[in-house]
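1. this one's sequence-less:
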């Protein structure tokens, strides 16, 4: 068994305890005060210097033999506004209306585990490792301040792990190319003229316009984007009216655009604008479209993915390597690729035997905690090997 794996398995209880403590006290995006404090205390205990970045973000530094090359390891820390339904768990959420339903508690734990493994090898590291604990990922935040802080450093690669509920525990996917989609959120306000349902000719019906808009806009990916590419435009909100016999004066819609390639996202944004204005003109309503840009597409670098695959093989054997298709969910870790190439690996956390069989963002979500030592070892090994490869 590889030495890193042995050491990470020995950290199993530590990793579990950290993850469960965070699971019991989840904090929503931009409010991760106690989570950040716990991270800083753990880093202090390891003798790893850190600096605050943004309101609650933390960047620790494991300085090796050289300061001219650095690897970035990242974990997100925020929870979701979901009421947990895992009544049988001794460590279920104690915060009403909040839950770690996406595995970020585990992400923090495994990065702290990697920090322990790397700090123990500080004298042999062929470079420096930046440990980035990011706030507010679920709200598309936390990266801008990190990028501002890290821009001055000689970063050569960025690596993150997402514990994945649709992948069996023990399996790891490090495939290159599109990993998660870029996502933009939009809202549309249609304003017409209300009237009694008996006299539709006396009003301007925004609700009918909203129905046509949803039909037309939902078809855009199939007609505007190459059918071999992954792209979707979906609506999740339509609100209008108070009574069945009154044509309302306004309708509000909201949805998202997701694409695996940035150019397809740009195409769909322009097409949505065109359709909104066209439908508004045809139905005599006033329209306002607001598109809020989210994180870009997360596209794993081929060379970084190849190195990560080697690391999985070295640590756990070739049988641990698996393939998993690109996902249309979004994650703003790709923002870090503005600074350097990198990848996000998926580490399997599914195991029905321990109740870890529900999807992300589900009120019964949970993980197989055996994934924590595995993820910690992989993070550490990736940093070690990447810095070794970068030696002059």
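-> It's in. The shown structure was predicted, so the numbers you read here are calculated from the model rather than taken from an experiment. Residues are numbered from 1 along each chain as shown.

2. contacting residues for residue 30?
-> 55, 56, 78, 135, 136, 139, 141 (C-beta atoms under 8 Å, 6 or more residues apart in numbering). Backbone N, C-alpha and C define where each C-beta goes, glycine included.

3. need the three-state assignment for it.
-> coil (DSSP: H, G, I helix; E, B strand; the rest coil).

4. in whatever helix or strand residue 388 lives in, which residues are buried?
-> Residue 388 is part of helix 371-389, with elements assigned from DSSP states H and E. For helix 371-389, burial by neighbour count (16 or more other C-beta atoms under 10 Å) applies to 371-387.

5. repeat that for stretch 269-287.
-> 269, 271, 272, 275, 276, 279, 280, 283, 285, 287.

6. identify the residue spatially nearest to the first one, adjacent ones excluded.
-> Using C-beta to C-beta, 6 or more residues apart in numbering and skipping residues adjacent in sequence, the residue nearest residue 269 is residue 291, 5.8 Å away.

7. same check, this time on the third one
-> Of all residues not flanking residue 272 in the chain, residue 217 sits nearest, at 5.8 Å (C-beta to C-beta, 6+ apart).

8. hang on, that neighbour packs against residue 232?
-> No. Counting by C-beta atoms under 8 Å, residue 217 does not reach residue 232; the two are 11.3 Å apart.

9. OK, contacts around residue 377?
-> Taking C-beta under 8 Å, 6+ apart, one finds 2, 4, 5, 7, 8, 114, 117, 315 in contact with residue 377.

10. could you identify the most distant pair in those?
-> 2 and 114 (14.4 Å; C-beta to C-beta).

11. who has more neighbours out of these two?
-> residue 114 (29 against 14; other C-beta atoms under 10 Å).

12. go through the strand or helix carrying residue 163 and flag the buried ones.
-> Per DSSP H and E: residue 163 is located in strand 155-168. Neighbour-count burial for strand 155-168 flags 155, 156, 157, 158, 159, 160, 161, 162, 163, 164, 165, 167 (criterion: 16+ other C-beta under 10 Å).

13. can you pull out the low-pLDDT segments for the protein?
-> 391-392 (pLDDT under 70).

14. and it, what are its domains?
-> 3-176+301-389, 181-293 (automatic domain parsing).

15. what distance separates the longest one from the centre of its chain?
-> Think domain 3-176+301-389. Remark: domain 3-176+301-389 is offset 11 Å from the chain centroid, using C-alpha atoms, centre = their mean, to the nearest Å.

16. on that earlier part again, buried members of the contacts of residue 30 into PyMOL, please.
-> Buried residues among those (16+ other C-beta under 10 Å), as a PyMOL selection:
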select buried, resi 56+78+135+136+141
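
17. give me the number of residues near the residue nearest to residue 272?
-> Neighbours of residue 217 (other C-beta under 10 Å): 24.

18. go on, residue 50?
-> 18.

19. where do the helices sit along the stretch 151-300 of the chain?
-> Assigned by DSSP state H, counting those that start in this stretch, the helices in the stretch 151-300 of the chain fall at 206-218, 220-224, 262-283.

20. dump the ones you listed into TSV; add distance to residue 187 as well.
-> Shown next, in TSV, are the helices of the stretch 151-300 of the chain (distance: least, C-beta to C-beta, whole Å):
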stretch	distance to residue 187
helix 206-218	12
helix 220-224	17
helix 262-283	11
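
21. who wins for proximity to residue 99 among those helices?
-> Here helix 262-283 is closest among the helices of the stretch 151-300 of the chain (C-beta to C-beta), at 29.8 Å.

22. and the angle for the closest one with helix 206-218?
-> With axes from the mean of the first three to the mean of the last three C-alpha atoms, to 10 degrees defining the directions, helix 262-283 sits at 150 degrees from helix 206-218.

23. just checking, what packs against helix 262-283?
-> With contacts defined as 3 or more C-beta pairs under 8 Å, 6 or more residues apart in numbering; DSSP states H and E, helix 262-283 has these neighbours: strand 177-191, helix 206-218, helix 220-224, strand 231-240, strand 250-259, strand 286-293.

24. nearest to residue 347, out of those?
-> strand 177-191 (13.1 Å).

25. buried residues in the closest one, which are they?
-> 178-186, 188-191.

26. do the same with stretch 80-98
-> 80, 82, 84, 85, 86, 91, 93, 98.

27. how about these in a markdown table, adding distance to residue 319 and secondary structure?
-> A markdown table is the format used below for these (distance: C-beta to C-beta, whole Å; DSSP: H, G, I helix; E, B strand; the rest coil):
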| residue | distance to residue 319 | secondary structure |
| --- | --- | --- |
| 80 | 33 | strand |
| 82 | 35 | coil |
| 84 | 34 | coil |
| 85 | 34 | coil |
| 86 | 31 | coil |
| 91 | 31 | coil |
| 93 | 35 | coil |
| 98 | 38 | coil |
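
28. can you lay out those residues as CSV showing distance to residue 335?
-> Shown next, in CSV, are the buried residues of stretch 80-98 (distance: C-beta to C-beta, whole Å):
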residue, distance to residue 335
80, 20
82, 25
84, 29
85, 32
86, 32
91, 31
93, 28
98, 25
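
29. helices or strands next to the helix or strand residue 147 falls within in the packing?
-> Here residue 147 sits within helix 143-150, counting by DSSP H and E. Applying 3+ C-beta pairs under 8 Å, 6+ apart, we find helix 143-150 packed against strand 50-53, strand 57-63, strand 128-134.

30. dihedrals phi and psi, the closest residue to residue 79 other than its chain neighbours?
-> Among residues not flanking residue 79 along the chain, residue 26 sits closest, at 3.2 Å (C-beta to C-beta, 6+ apart). Note on residue 26: backbone dihedrals following degrees, to the nearest 10 are phi -70, psi 150.

31. gap between residue 26 and residue 34?
-> 10 Å (C-beta to C-beta, to the nearest Å).

32. give me every residue that touches residue 316.
-> 5, 170, 172, 374.

33. pick out the residue nearest the middle of this protein.
-> Central residue of the chain (C-alpha atoms, centre = their mean): residue 331, 3.0 Å from the mean position.

34. much appreciated, bye for now.
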